[in-house]
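J.: Requesting a structural model of the entry that follows:
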Amino acid sequence: MSRTYHRRDLLSRSLKGAALRAGLGAGLGAGLGAGGGVLEACGASGSNGTSSTPGATDANGTPLQLLAGPIDTNKARPGGSLAIGTWSEVNALSPPQARWDSTGYLYGNALFDTLVQIGADGLAHPYVAKSVTPNADHTSFSILLRPGLGFNSGAPCDAAPVFNSLEAVVHGCITGQSLKPITSITSKGTDTVVVKASEPWPAFPSYLAGRLGYICSPKMLASANQGATTPDGTGPFSLVDWTPNSHLIAKRNPRYWQKGLPYLDQITFKPIIDNEARENALRSGSVQLIHCQYPRVIKDFFGDESFQIVLDKLPPRAEPDVDFIMLNVAMPPLDDIDMRRALAMSINRTDLLDTYGTGIAAPATGPFQPGSLWYSATDYPSYNPAAAKELVDRYTATKGSPPAANLTTIVGPAYSIMIDIVQANWQKIGVNCQVNQAEFAQFLTNVVVGDYQAATFEQFGATDPDQNYIWWSTDTYAPPGKISLNMARNRDAALQAALNDGRASTQIEARVAAYQEVARRLAADLPYLWTGKAYWAATAAEGVVGLTNQKLPDGATGIGFANGTFLVHDLGLTG
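T.: Numbering: from 1, shown residues only. Okay, here's the model as predicted:
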């Protein structure tokens, strides 16, 4: 029996006031792409290196591939258990409800599968779906499922639960904001679901590699909080026990649709928030694999051949997370472009990245990095404290008092290093700057409702730049005091036009031109003061395999370790 969901069903549901505020903790912090669009509040981290990228060097010119230990490419043996130390914990295990960062996507990849996966070529490849076929103008997408799929509970996985899962995410009070072009979802028979959009949307399949693409059983979605603590997916593992802030234990799914996988009998995730404690856990053997974004810890493992280091490796179509300071451009004094320019010109990024980034970091001047398909040079301000002070002096003379720009970050000693440097830079040009730290949940609430002036952030990693539409668009703008997913509250008609062009065009040349214009407009408006490319590494003990060269069902190589997350079904042990 076929079923159809129409967008008007969602529009009839209020997203205002208390209902939306209640959804903040559940929905914010999660992009919809494969590890992309992730919202994280943290300090500047550094460069997006890769142990296999020619020319990548540390501050002394030493090739990074010579600093990292060798990668074990042997085939895993069946059996064994593996413990992974994660940098954070999540609030729930339900894709429609949870606030997921890179740790959440690791949990998701263990317990669920997505309809597609992103390959090393940056394109969407079939995964649980056998194919995703667009119509000629990319306004309709036919999703054909593989036969014989089942959930961990034993229930069949056919078109009906796929329909339910897609509908649940589109109905999400936060996630639904990313999916406004969807006008209808229809199940046809037992093996096909058709998604229709109001406009051409060539990037849509990439959304099926993330939050939108995780498939949950009907029983799970019908349970309390849509299965927040009772996940039932088609993934390689099924939940044994989850004690938040202690561990998540999952066992091998004997019904897994990829024959012979997973190799491991059990996988355990241990949230270890402190970076040095996570490093010590790996060295002591209490975990065998960690992911990390803190350059000081990452550098500690360079040259140590008793550990394997896999650094971010992204295809030209994908983007790394970027570290930046987000400005609330709807409130004075940061509603003044000259003030934003002064703050940008005053930050000594070399000092910042050498100190926080320990000499292995590289600066960024926009969301797209050199080597990216979407990159082009912009007029982002260069370091010029003298010119910055002139702008501040002019502002002070006009207003009668010096400007103030308070800077907020999340609680943690690592981030205090970064904000202390920025505070000193801003005070040198005459800006009064107070710094403070907030717990993550409160921090997110403050920025979404506009109760901040400047805040440290890491975000915008995406497998397609369209996945960042929600954060940059005027469509998601609201003034301070109201919920705004355009958290910088930047409104620029030229930027919006470029975002629309990038979303709707089916020609790659036109999309490239559109996103290059996006970068230029962000450099002109300065809602974000870019500091560095986020530096992620996965570090493993000897005998751990499966982090690289993962094969997808169609024979393509997967994207691998990217922006702090990876597929876990190929992980295994050789010893």
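J.: Give the other helices and strands that the top helix by length along the chain contacts.
T.: Longest helix of the chain, by residue count under DSSP state H: helix 508-525. Helices and strands touching helix 508-525, by 3 or more Cβ pairs under 8 Å, 6 or more residues apart in numbering; DSSP states H and E, are helix 493-504. All C-beta atoms are positioned from the backbone trio N, CA, C, and that covers glycine.
J.: And the helix it packs on, what's buried?
T.: 495-496, 498-499, 501-504 (16 or more other Cβ atoms under 10 Å).
J.: Of these, which is the nearest to Asp351?
T.: Nearest to Asp351 among these is Leu495, at 30.4 Å by Cβ to Cβ.
J.: Check what contacts the next helix or strand after the longest helix of the chain and list those residues.
T.: Scanning forward in sequence from helix 508-525 by DSSP states H and E, the next helix or strand is strand 528-533. Residues from elsewhere that reach strand 528-533, judged by Cβ atoms under 8 Å, 6 or more residues apart in numbering: 44-48, 320-327, 340, 343-344, 347, 349, 352-353, 357, 361-367, 369, 380, 418, 457, 488, 522.
J.: switch to 7 Å and redo it
T.: Outside strand 528-533, the residues that touch it by Cβ atoms under 7 Å, 6 or more residues apart in numbering are 44-48, 320, 322-327, 343-344, 347, 349, 352-353, 357, 361-366, 369, 380, 488, 522.
J.: same check, this time on stretch 208-216
T.: Defining contact as Cβ under 7 Å, 6+ apart, one finds that stretch 208-216 is touched by 30-34, 36, 95, 108, 112-118, 124, 128, 132, 157, 161-162, 165-166, 169, 175, 179, 227, 232-234, 463.
J.: Tell me where the stretch 1-150 of the chain has strands.
T.: Taking DSSP state E, counting those that start in this stretch, the strands of the stretch 1-150 of the chain run over residues 3-6, 81-86, 116-118, 124-126, 129-134, 140-145.
J.: Provide the strand pairings for the last one, with the direction of each partner.
T.: Looking back up the chat, that one is strand 140-145. Here strand 140-145 is paired, per DSSP bridges, with strand 129-134 (antiparallel), strand 192-197 (antiparallel).
J.: Which among those strands is found nearest to Phe443?
T.: Nearest to Phe443 among those is strand 192-197 (33.6 Å), distances taken as Cβ to Cβ.
J.: So what's the model's average confidence on the closest one?
T.: Rounded to a whole number, the mean pLDDT of strand 192-197 is 98.
J.: C-terminal to it, what's the next element?
T.: Heading C-terminal from strand 192-197, the first helix or strand you meet, by DSSP H and E, is helix 204-207.
J.: The longest helix of the chain to strand 528-533, inter-axis angle?
T.: 110 degrees (axes from the mean of the first three to the mean of the last three Cα atoms, to 10 degrees).
J.: can you put the buried residues of helix 493-504 in JSON lines and add pLDDT and distance to Leu314?
T.: Shown next, in JSON lines, are the buried residues of helix 493-504 (pLDDT from 0 to 100; distance: Cβ to Cβ, whole Å):
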{"residue": "Leu495", "pLDDT": "98", "distance to Leu314": "24"}
{"residue": "Gln496", "pLDDT": "98", "distance to Leu314": "26"}
{"residue": "Ala498", "pLDDT": "98", "distance to Leu314": "22"}
{"residue": "Leu499", "pLDDT": "98", "distance to Leu314": "21"}
{"residue": "Asp501", "pLDDT": "97", "distance to Leu314": "23"}
{"residue": "Gly502", "pLDDT": "97", "distance to Leu314": "18"}
{"residue": "Arg503", "pLDDT": "96", "distance to Leu314": "21"}
{"residue": "Ala504", "pLDDT": "94", "distance to Leu314": "25"}
